[in-house]
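# Build the 3D model from these lines:
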Amino acid sequence: MPDLVLWDIDHTLMATRGLGGELWATAFEQVTGVAMRKQAAVTGSTERVILRETAHLHNVVYDEELFTRFADALGALHIRRAAEMRERGHALPGAAAVLAAVADAGVRQSVVTGNVRQAGEVKLAVFGLDTYLRLDEGAYGEDAQERSELLRTALERANVEPTDAVFVGDTPADVYGGREAGVRAVAVATGRTPATELRAAGAAAVLDDLSDTARALSAILA
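You can find the predicted model right below:
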């Protein structure tokens, strides 16, 4: 049994049904003064990378000061529109039950996400998923550019060895990041990537979703 389970957030535990993209575009225009015409690919990326590539698409100079202002703006927007997120989004089927079951098994849990921390915390709190997570032991979009770097940051914060942790995500980038960091990766096909591609990426186990608590628990805590 692992000492620590790390969770991706978007499309693994919950979905915003389009609101996340709207908030992102609003924050981008607030900090750059440029209306977003197109966003860089987001699947499996961190906010830092997405902002850098989106800025490039709009001929906007990217630097760390821009990212800091963007992160602050995006977090504030999530706070202001939390009620709307609750109405439009939802926790994915079985997510709360699996988090509760892992907690009941005595295993620590946190998150590894490309979201900036404030946005990620709002998403989790809106759907009551934060109760089960030690958020100070997680890693967020402010911490690194790549999933493997985020995982190493979370492991260091939790004082856990890679071989004693499991990472649950929904993209090949999650699986690759886990493998690079030496962490066992379990994939959930609740995002945009089919189960066959997640298996091909090298996931140790692939679940169609989290609706079967016993099956999910067996895969995660193996």
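# Identify the residue nearest residue 20 in space, chain neighbours excluded?
residue 10 (7.0 Å; Cβ to Cβ, 6 or more residues apart in numbering). Every C-beta, even on glycine, is put in place using the N, C-alpha and C of the backbone.
# got the contact list for that neighbour?
Residues counted as contacts of residue 10 (Cβ atoms under 8 Å, 6 or more residues apart in numbering) are 16, 20, 113, 115, 123, 170, 191.
# who's in contact with residue 17?
Going by Cβ under 8 Å, 6+ apart, the list of residues near residue 17 reads 88, 89, 90.
# In PyMOL, how would I select just the buried ones from these?
Those of these that count as buried under 16 or more other Cβ atoms under 10 Å are selected in PyMOL with:
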select buried, resi 89
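# can I get the contacts of residue 17 in CSV with distance to residue 183 and pLDDT?
Output for the contacts of residue 17, formatted as CSV (distance: Cβ to Cβ, whole Å; pLDDT from 0 to 100):
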residue, distance to residue 183, pLDDT
88, 32, 94
89, 28, 95
90, 28, 96
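# burial measure for residue 199, as a count.
Using other Cβ atoms under 10 Å, residue 199 has 15 neighbouring residues.
# who touches the strand or helix carrying it?
Element membership for residue 199, per DSSP states H and E: helix 195-201. For helix 195-201, the external contacting residues (Cβ under 8 Å, 6+ apart) are 170, 171, 172, 175, 176, 187, 189, 206, 208.
# Skip the chain neighbours and tell me the closest residue to the fifth one.
Leaving aside its chain neighbours, residue 176 sits nearest to residue 201 (6.3 Å; criterion: Cβ to Cβ, 6+ apart).
# ok, the residue nearest to residue 20 to residue 188 distance?
Distance, residue 10 to residue 188, by Cβ to Cβ, to the nearest Å: 12 Å.
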